[in-house]
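Enquirer: Here you go, sequence then predicted model.
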Amino acid sequence: MRHAKVEYQGRVRTVTIGPDDLPISDDGAVLDVTALRWLPASGGTLFGVALNYRSLLEARLPEFHQPPYQKPPEKPVLFIKTPNTRNAHQGTVARPQGERLQPGPALGVVIGRRASRVSEQDALDYVRGYTVVNEFSLPEDSYYRPAIKAKCRDGFCALGPWWVDRDDIANPHDLTLTLTVNGVEKQRGSTADLIRPIPRLIAELSEFMTLNEGDVLITGTPPGRVDVSEGDQVDTTIESIGTLRNLIVTDHGGEAKQ
């Protein structure tokens, strides 16, 4: 089953998504999609994992063997998307003037209950479901130390339109991700290429920090990031989950709009 958070007639509601992607309220009424505002699929902390696609790691190996590190990272490269970055389906994403902006398609894992020091074997029991994430960023100089300035701008993490129940995804490690800009495919990957699968990520994170209900684990983006510009429509699609759509605008000093 698919679930979403929306604002409708002045109220925030959690709805189910029925046939033809139409939102359905608790009383069975189909809501008018033209009269609602999609909200981020989850409101918890957003934990990102960089360099978690094998093909991306292999493409960057020559760089990683250069000083000062001289080898690829051995532990997960983690970062947090701060609350101001949270964005939604059909939300605008502001490209800072004079900067390059790059979208990043990713599978989001929504945590369903408090998880502390869980084993890999039990990790999926703590998952509520899966959502689509577009983890926007400015180009980064280093994967060793993800830059707050590059990743934590207002509206730089869209997630939605909904989440899909865990048991409705037969294998989260075999899902195709695509990113299109103005209808043209620019990026493609598969979660089969993840270096650290979801249970391992949950086990490694929960070993030193407690994950709470509603937190989202952003499992990584495949190689091939592209630049986007004002007016571009960016669609992020994950097989068996759905399509997240965002419009790029130019940041003129105001707040990002959802």
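Expert: It's in.
Enquirer: where do the helices sit along the stretch 101-250 of the chain?
Expert: 148-151, 198-206 (DSSP state H, counting those that start in this stretch).
Enquirer: Okay, now the unreliable bits of the stretch 151-258 of the chain?
Expert: 252-258 (pLDDT under 70).
Enquirer: rerun that using 50 as the cut-off
Expert: 256-257 (pLDDT under 50).
Enquirer: Now do the nearest residue to Thr45 once chain neighbours are set aside against Asp168, distance only.
Expert: The shortest distance from Thr45 to any non-neighbouring residue, by CB to CB, 6 or more residues apart in numbering, is to Asp215 (4.8 Å). Placement of C-beta: from N, CA and C, glycine included. If you measure Asp215 against Asp168 using CB to CB, to the nearest Å, the figure is 20 Å.
Enquirer: just the strands in the stretch 1-150 of the chain please.
Expert: For the stretch 1-150 of the chain, strands defined by DSSP state E, counting those that start in this stretch occupy the ranges 2-8, 11-17, 23-24, 36-38, 46-50, 77-81, 86-87, 92-96, 105-111, 127-135.
Enquirer: Export the ones you listed to CSV and append columns for mean pLDDT and distance to Leu205.
Expert: As requested, these are exported to CSV (pLDDT from 0 to 100; distance: least, CB to CB, whole Å):
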stretch, mean pLDDT, distance to Leu205
strand 2-8, 96, 24
strand 11-17, 94, 26
strand 23-24, 94, 32
strand 36-38, 96, 28
strand 46-50, 91, 6
strand 77-81, 88, 7
strand 86-87, 98, 19
strand 92-96, 95, 26
strand 105-111, 98, 10
strand 127-135, 98, 13
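Enquirer: would you turn these into CSV with mean neighbour count?
Expert: Formatted as CSV, those follow (neighbours: other CB atoms under 10 Å):
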stretch, mean neighbour count
strand 2-8, 20
strand 11-17, 14
strand 23-24, 20
strand 36-38, 18
strand 46-50, 24
strand 77-81, 18
strand 86-87, 26
strand 92-96, 20
strand 105-111, 26
strand 127-135, 26
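Enquirer: Which of those strands sits closest to Leu211?
Expert: strand 105-111 (4.9 Å; CB to CB).
Enquirer: who does that closest one pair up with?
Expert: Its sheet considered, strand 105-111 pairs with strand 127-135 (antiparallel), strand 216-218 (antiparallel) by DSSP bridges.
Enquirer: Can you lay out those as JSON lines showing distance to Lys149?
Expert: Below are these laid out as JSON lines (distance: least, CB to CB, whole Å):
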{"stretch": "strand 127-135", "distance to Lys149": "15"}
{"stretch": "strand 216-218", "distance to Lys149": "18"}
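Enquirer: Just say which of the helices of the stretch 101-250 of the chain is most tucked in.
Expert: Using mean count of other CB atoms under 10 Å, the stretch among the helices of the stretch 101-250 of the chain with the largest mean neighbour count is helix 198-206, at a mean of 20.
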